[in-house]
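Colleague: Could you look at this predicted model? Sequence included:
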Amino acid sequence: MRQLTVTIPDDFYETFVSFFKHIPDVSIDENTANEVPLWQQEMVLERMKNAKPEDYIDADVALENLKNKYGF
């Protein structure tokens, strides 16, 4: 028997699972440990939509600011 890991869109999930439930010897294990809640996805998308270019800073600059602020 083989094992397969699949990432599918949320709106296709129910159709996908219902199809495979009818196949003998198929087990479906849902791993929701790393799942980002829908409300948080929406919040991030909204923030990205409203962000201006001047709101962004380089990751190296941000890391340096944290090191300076907290003495890492």
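Modeller: Perfect, I can see it now.
Colleague: use CA for all of it now, contacts and neighbours both
Modeller: Fine.
Colleague: helix/strand/coil for the residue nearest to the spatial centre of the chain?
Modeller: Residue closest to the average C-alpha location in the chain (CA atoms, centre = their mean): Val36, at 5.0 Å. Secondary structure assignment for Val36 (DSSP: H, G, I helix; E, B strand; the rest coil): coil.
Colleague: Check the gap between it and Met43 for me.
Modeller: 11 Å (CA to CA, to the nearest Å).
Colleague: okay, now Phe20: neighbour count?
Modeller: Look at Phe20: counted by other CA atoms under 10 Å, it has 13 neighbours.
Colleague: helix/strand/coil for the nearest residue to it once chain neighbours are set aside?
Modeller: Leaving out its chain neighbours, the residue that sits closest to Phe20 by CA to CA, 6 or more residues apart in numbering is Val26, at 6.9 Å. Here Val26 is recorded as coil under three-state DSSP.
Colleague: now Val26: how far from Arg2?
Modeller: For Val26, the distance to Arg2 under the criterion CA to CA works out to 10 Å.
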